[in-house]
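[1] Take a look and give me a structure for this.
(2 chains)
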Amino acid sequence: MGVPIRVEVNGRVYEHTVEPRLLLVHYLRDVLGLTGTKVGCDTSQCGACTVLMNGLAVKSCTVLAVQADGAQITTIEGLAKDGELHPLQQAFWENHGLQCGYCTPGMILAAYDLLQENPNPTEEEVRHGLEGNLCRCTGYHNIVKAVLDAAQRMREG
Amino acid sequence: MGQYIGAAIKRLEDPALITGRAKYTDDLQLPNMAYAAILRSPYAHARIKRIDTSKAAAMEGVIAVFTGEDIAQSGVPGVVPVGWLLPDLKTPPHPLLARDKVRHVGDGVAVVVAEDRYTAYDALEAIEVEYEPLPAVVNPADAVKEGQPLVHEDAPNNIAFDWSIGDKEATDEAFAKASHVVSLDLVNNRLIPNAMEPRATLADYNPVTGELTLWMTSQNPHIHRLLMSLASLGLPEHKIRVIAPAVGGGFGSKIHHYPDEAITAWCAMQVGRPVKWQATRMETYLTDAHGRDHVTHAEMALDENGRILGLRVQTYANLGAYLSTFAPAVPTYLYGTLLSGEYDIPAIYCRVIGVFTHTTPVDAYRGAGRPEATFVVERLMDLAARKLGLDPTEIRRRNFVPPDKFPFQTQVALQYDSGNYEAALQKALEIIDYKNLRQEQERLRQEGRYIGIGFSTYIEACGLAPSAVVGSLGAQAGQWESALVRIHPTGKVTVYSGSSAHGQGHVTTFAQIVADKLGVSLEDIEIIQSDTDQVQYGWGTYGSRSAAVGGSALAVALDRIVEKGRKIAAHLLEAAEEDVVFEDGKYYVKGAPDQAKTLQEVALQAYLAHNLPKGLEPALEAVAFYDPPNFTFPFGTHVAVVEVIPETGEIKILRYVAVDDVGNVINPLIVDGQVHGGIAQGIGQALFESAVYDENGNLVTGSMLDYAVPKAHFLPSFEVDRTVTPCPHNPLGVKGAGETGSIASPAAIVNAIVDALAPFGVEHIDMPVTPEKIWRAIHGNGRS
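    Okay, the predicted model is just below:
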């Protein structure tokens, strides 16, 4: 039994009929083909699937597509505007805040949410703010550096 | 060297990764693609009495359901082989799907192919399997005892191999005359790699041409193609193409050849459609080869001055239920050979018993044998220092191989290429301001606060080599690397490398080598890897080999390009070849740089072939197959400063300082990043991570909920620095940089904790050092 949904993703409106049990992350990846959002676990621990739903970070493996009906979603594909990287993307690049890149889309969107709430975090606040996202490559050292750097760039506008 | 090698160039691969454009295996879709899901045993040891797939097969959306019997009847070889043979090694067969018995929780039993993921998983639940549960054994030291359940009938006492290295007699003599002996019983905890991207495969078989294309999460596509062809599928090697697209980390876990990828390929051949499989995270916990898992007794003999006389080690190494691809090498040639550490030890003997248990197979995980060896040696050094009343840095100094003794032949087969251990230690001491820190420690102790300072002065052997030697030790693989450099008629450059990055950034570091050697800009260079149809051959990326072996192959090929170009340029300039210099991308006659021919001009002439020197072939490309003369030997000093709260057992890492020497550095940004990641995994082992089995062989830590992959707030920022002692035997002077962190840090952390707890008489705590273990150590007998 399909359920009709209408979702705005990265500024574009999509209408589909989906199974009620379809996870948002599979809707984004398999139905819309937006594969920037990753799946890294099945227990909502790793945060690789983090997207913005109505401006707030959610783990899209823990949201049903039908729950996103009527919502605005931003995925990593929608973060750069007019070919300009978002300051977070720029900061991750310049601070070598990624290696394999698999956690990066989720990490960047979790950091986006963090900086929205706290535009001037301390290192400690960044570390705690990212506790829902795992990275196995960087030891977080350069991720933390990147988020602090992005915070400064965003404050300076 | 020019402006690129040594520069902190931001990575060329990042724009695709930070915008979500990079394609990993599970991101790929093919027309008419189906999905596979694998049914796994819930028992560690059981006889399969009956499998009924009929209900699953009848479900809507299910295309096919197969069992091990179906694979056997299809006539393919159908096994997963072992790629390293030791003398008298037991090599029981490892079928793609279990037929008679299951031997660990997670052993594959059946596979469903369905129209979509969800249906495939629904169908798994409809498969009926009748098991007869059998008793299991999980601990390697127990598994060798009489009367224990056998994992394989043809491996008595569950022993896969009984291996030794060194001189037993000389070592026993050293102990007989020793003034001091320290000993240690330890468990090196089992780890789960946890690359963020779970393993995955997309298989596409064309029955008309007989060609199979596999996109898969691989660190070494050519090895996977070889083993798929020979042992699993029986397809001719030239009809198989393995491509590793973007790969989300590996740390060893994507070296190995597992059943699942071969099953997926076999399914694609049966159903005549592309088939995709991606492991769930819980499946990766049950099937990705685990790391470490040693039970060790070790002793060190010293004279009255703290000079080491001998080292004696016995280890039970858990291999799990089957021999994974390189499993026999890890606790032997990558462990026993490293036991000399940074020290001149006159007598060493090490015996390792490799043991089958009803657990997930164990194989190389970041460091692979070397963290285990470092932990043994560096813990014993601290125990010896305490026993002799020496500062832990002083006892190390007294035993360091001095800089003038290189190349240094150890008593356990290796010949260290170059080193300056004192310099790295000295630098680390300066960074932490050691003298004052010790005083501060003493002052705080008076106040009832317990900080500890832990050292790990480690050695690493990486870039396994040369092939003939590695082969004589049992490797069923070569250890050279290839590079093909093609200069296009417009002067642009494409490099085809046998290395296979999965997060390391080879596209950037290799481009830096090219840019310097050819004087071209980074934008004009393309680095191709990870595709068996594009790259002639390669052994891939593991064991910190890519810069030292793959980079060296590239350097040699680039030199050949320059030489061929010189012939053409000399001809065009009407000069003698020996008078023509190549600098910044231009050839010119010495003293006449104004009359230069650019590489681009030379390349165009090479392709037009209108006016080439007599006998010279057209085009401008070169290939190199580089087989190194020796391993490289990075080293360094890591220092951890921790505070332990005795009341709660809580541990705070106050500082973590790493001074590594990886030889020449191509890109400091990338090398530092490798060090950070390795330290984090080592701290994970020391404090948080452990794969725990219950007595029935259930993996208790079977998900990310239960297994503590470190989070950002578990870790401090790291202070990394380096010394530079170039590798004397490769063209770039580089050593490996990928594993130093995970090799050095567990010992540094545990040494720091034990140092903090010295007033309580604590001598050792096994990893992971949890608050509970600390509390028990303080309130117990000194050993947890």
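[2] how much space between the residue of chain A found nearest chain B and B:Gly248?
    Nearest residue of chain A to chain B: A:Gly36, at 2.0 Å (C-beta to the nearest C-beta). The way it works is simple: take the backbone N, C-alpha and C, and place the C-beta from them, glycine included. Taking C-beta to C-beta, to the nearest Å as the measure, A:Gly36 and B:Gly248 are separated by 13 Å.
[3] and if you look at B:Asp516?
    Counting by C-beta to C-beta - B:Asp516 and B:Gly248 are separated by 30 Å.
[4] more crowded one of these two?
    Under the criterion of other C-beta atoms under 10 Å in any protein chain shown, the comparison of B:Asp516 against B:Gly248 puts B:Gly248 first, with 30 against 20.
[5] Wait, that one touches A:Val39, no?
    No: if you go by C-beta atoms under 8 Å, B:Gly248 and A:Val39 don't touch, sitting 10.5 Å apart.
[6] What segments of chain A are strands?
    A:3-9, A:12-18, A:50-53, A:56-59, A:72-74 (DSSP state E).
[7] Output the ones you listed as a markdown table; include the columns mean neighbour count, distance to B:Ile240 and mean pLDDT.
    Below are the strands of chain A laid out as a markdown table (neighbours: other C-beta atoms under 10 Å in any protein chain shown; distance: least, C-beta to C-beta, whole Å; pLDDT from 0 to 100):
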| stretch | mean neighbour count | distance to B:Ile240 | mean pLDDT |
| --- | --- | --- | --- |
| strand A:3-9 | 17 | 38 | 98 |
| strand A:12-18 | 13 | 37 | 98 |
| strand A:50-53 | 25 | 37 | 98 |
| strand A:56-59 | 19 | 37 | 98 |
| strand A:72-74 | 20 | 40 | 98 |
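[8] count of neighbours near the residue of chain B found nearest chain A?
    Here chain B gets closest to chain A at one residue, B:Gly20, 2.0 Å apart by C-beta to the nearest C-beta. Look at B:Gly20: counted by other C-beta under 10 Å, it has 24 neighbours.
[9] ok, now which ones touch the residue nearest to it when sequence neighbours are not counted?
    In space, and not counting its chain neighbours, B:Gly20 is closest to A:Gly36: 2.0 Å by C-beta to C-beta, 6 or more residues apart in numbering or on different chains. For A:Gly36, the contacting residues are A:Thr75, A:Ile76, A:Glu77, A:Pro105, B:Thr19, B:Gly20, B:Arg21, by C-beta atoms under 8 Å, 6 or more residues apart in numbering or on different chains.
[10] Contact partners for the nearest residue to the fifth one once chain neighbours are set aside?
    Okay, so that is B:Thr19. Nearest non-adjacent residue to B:Thr19, counting by C-beta to C-beta, 6+ apart: A:Ala80, 5.8 Å away. Contact analysis of A:Ala80 by C-beta under 8 Å, 6+ apart lists A:His86, A:Gln89, B:Thr19.
[11] want to throw the contacts of A:Gly36 into CSV with pLDDT and distance to A:Asp113?
    Converted to CSV, the contacts of A:Gly36 look like this (pLDDT from 0 to 100; distance: C-beta to C-beta, whole Å):
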residue, pLDDT, distance to A:Asp113
A:Thr75, 98, 14
A:Ile76, 98, 13
A:Glu77, 98, 17
A:Pro105, 98, 13
B:Thr19, 98, 18
B:Gly20, 98, 17
B:Arg21, 97, 22
